[in-house]
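**Q** here are the coordinates; sequence isn't available:
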């Protein structure tokens, strides 16, 4: 199997859609419409464990980001941990990526220490598990940030109508970034 083709081979309907968008350029008008659609936050997210606030970013484009702020954790000696679950949702096909971010503060220090990584606290782990169940029930597929997102889906020579901007054209760029620049 060619590097990067695993996901589109597992989900041929997504591979076919990508071919129609990027290789054949048959869906430019559809792509524009999809990029301007507003994603809806599933109502079930309001029941996510330890949630504080939900917001959407990047309203126009092939994806939007749902940011779920979890309740802060107070630690001993004046430490405060802010926690977020970030969900990058494609508007082109039902896929998403979960990412987690933290901000650590102390009352004696100006500023904060920002961390991006795995789900580390009980609140974030339980919240992420609930989100995964909700998204799966809605028909969404979770992409692995470490593997699927960076899979090469096309070589640049296959896409003469798109200006190369990276070493390779990845699944993450195809589903989440406006590489066509037609919106």
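**A** Arrived safely. This one's a predicted model, so the numbers in the text were calculated from it and none came from an experiment.
**Q** Can you show me the strands along this structure?
**A** For the chain, the strands defined by DSSP state E cover 51-57, 63-74, 79-90, 95-106, 113-117, 141-142, 152-154, 169-170.
**Q** what residues does the second one touch?
**A** By Cβ atoms under 8 Å, 6 or more residues apart in numbering, the surrounding residues in contact with strand 63-74 are 38-39, 41, 45, 48, 50-58, 80-92, 121, 123-124, 127, 131, 175-177. For every residue, glycine as well, the C-beta is placed using N, CA and C.
**Q** in its sheet, what does that strand sit against?
**A** Paired neighbours of strand 63-74 in the sheet (DSSP bridges): strand 51-57 (antiparallel), strand 79-90 (antiparallel).
**Q** Now distance to residue 7, mean pLDDT and mean neighbour count too, for the strands of the chain, in JSON lines please.
**A** Listed next are these as JSON lines, based on distance: least, Cβ to Cβ, whole Å; pLDDT from 0 to 100; neighbours: other Cβ atoms under 10 Å:
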{"stretch": "strand 51-57", "distance to residue 7": "25", "mean pLDDT": "93", "mean neighbour count": "13"}
{"stretch": "strand 63-74", "distance to residue 7": "16", "mean pLDDT": "93", "mean neighbour count": "18"}
{"stretch": "strand 79-90", "distance to residue 7": "12", "mean pLDDT": "93", "mean neighbour count": "20"}
{"stretch": "strand 95-106", "distance to residue 7": "9", "mean pLDDT": "91", "mean neighbour count": "18"}
{"stretch": "strand 113-117", "distance to residue 7": "23", "mean pLDDT": "81", "mean neighbour count": "11"}
{"stretch": "strand 141-142", "distance to residue 7": "9", "mean pLDDT": "95", "mean neighbour count": "16"}
{"stretch": "strand 152-154", "distance to residue 7": "8", "mean pLDDT": "87", "mean neighbour count": "20"}
{"stretch": "strand 169-170", "distance to residue 7": "10", "mean pLDDT": "88", "mean neighbour count": "21"}
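**Q** Need the distance between the two termini of stretch 13-30.
**A** End-to-end distance for stretch 13-30, by Cα to Cα, to the nearest Å: 16 Å.
**Q** buried ones in that stretch?
**A** Across stretch 13-30, burial judged by 16 or more other Cβ atoms under 10 Å covers 14, 15, 17, 18, 19, 21, 22, 27.
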